[in-house]
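J.: Quick one: sequence plus predicted model below, questions after.
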Amino acid sequence: MPVNPDLQGRVYPPTAPLLVTAARIAEFAAAVGASDPAAPIAPPTFAIVVQQAALDALLADPDAGFEIRDVVHGEQRFALARPIVPGDELTGTMSVTGIRTLGANAMVTAETRIADASGETVATATSMLLVGGGS
Amino acid sequence: MSGLAVGDVVAEREAHLTRASLLAYANASGDQNPIHQDDEVAAAVGLPGVIAHGMLTMGLAVQPVVDWVAAIGGGARIAEYGVRFTRMVVVDAETGADVRVVAKVGALDAEAGTARIDLAVTSGDETVLGKAQVTVSGLDAGAALPARPAERV
């Protein structure tokens, strides 16, 4: 399944703001087995909640040329500028930063800048997706 | 930054995953892909069974480092975390799956006040995350870096 090469550099609209609550952090922390789910800072991978919404926009883009069932998560990285805490209102702005075609498959890299209400970057989440050949 | 050298184990942990763990993670993260919950869907897409969310494994694997950083205190915090998803973790409906994490010092930079912690993450005999590396920043020159905590889960 060919990935549309025009996706390279495409920037998607910001996700709807996510208001981070202590309860939301605690639910996520418990689900990843945190020793102290009541700790007032979010686990390091919490930003995936915002990135997920951004990736959904890419997967729903009819122009992308692929669907979720074609996709395997290959790599994930978070750069955390500061801890995420209750009261943060986070939006994610995703851009497609890389497309590499390998035969019938492709590697798509998407970078999501996650910002707080003042526009400061809180985290950058980078996903590498392997898009299959549609066997 | 004292007390540790490259190669030292700072934390280790074993976690048991069940189908209930997958449901809890689906609800907490918003990732409701049925390949993580439904045997028939998993089989239909050619998987050997229901698999754990890669992001659940990634989230679990860093928790021993979260505890280690909390034990250091001060301005220490996790600044970067990245993994490659190298192998799926199949979660059996009856027996679940075990994931084991060993966190070792990969590099120390006293000038920058950072430590790179490398995670070995396995299920059974298989490595499930590759190149799993955590960068801890904000380590003071005088910070005493604790060895593996007594507490285990």
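T.: Ah, there it is. Computed from a predicted structure; not experimentally measured.
J.: Show me what from chain A comes close to chain B.
T.: Neighbours of chain B within chain A, by C-beta under 8 Å from any C-beta of the partner chain: A:27-28, A:30-36, A:39, A:43-45, A:48-49, A:52-53, A:68-69, A:72-80, A:82-83, A:126. (Each C-beta comes from the backbone N, C-alpha and C, glycine too.)
J.: Just the buried subset of the residues you listed, please.
T.: Using 16 or more other C-beta atoms under 10 Å in any protein chain shown as the burial test, these include A:27-28, A:31-34, A:39, A:43-45, A:48-49, A:52-53, A:73-80, A:83, A:126 as buried.
J.: In strands, which of the residues you listed appear?
T.: Of the positions in those, A:73-80, A:126 sit in strands, assigned by DSSP state E.
J.: Mind telling me the two of those farthest from one another?
T.: Between any two of these, the greatest separation by C-beta to C-beta is 20.8 Å, found for A:G74 and A:L80.
J.: Report pLDDT for the residue nearest the centre of chain B.
T.: Relative to the mean C-alpha position of chain B, the nearest C-alpha, by C-alpha atoms, centre = their mean, is the one of B:A61, at 0.9 Å. You'll see B:A61 listed with a pLDDT of 98.
J.: what's the answer for B:S2, then?
T.: Among the per-residue scores, B:S2 holds a pLDDT of 72.
J.: Low-confidence stretches in chain B?
T.: Residues of chain B that meet the criterion pLDDT under 70 lie in B:148-153.
J.: Centroid-wise, who is the farthest residue in it?
T.: Note on chain B: the largest separation between a C-alpha and the mean C-alpha position, by C-alpha atoms, centre = their mean, falls on B:A44 (29.0 Å).
J.: tell me the contacts of residue 76?
T.: Chain wasn't specified; assuming chain A. When the contact criterion is C-beta atoms under 8 Å, 6 or more residues apart in numbering or on different chains, the partners of A:Q76 are A:48, A:125-128, B:54-55, B:58, B:82-83, B:85.
J.: hmm, I had chain B in mind actually
T.: When contacts are counted by C-beta under 8 Å, 6+ apart, B:A76 is found next to B:69, B:136-139, B:143.
J.: Now name the helix or strand holding B:G130.
T.: Assigning secondary structure by DSSP states H and E places B:G130 in strand B:126-137.
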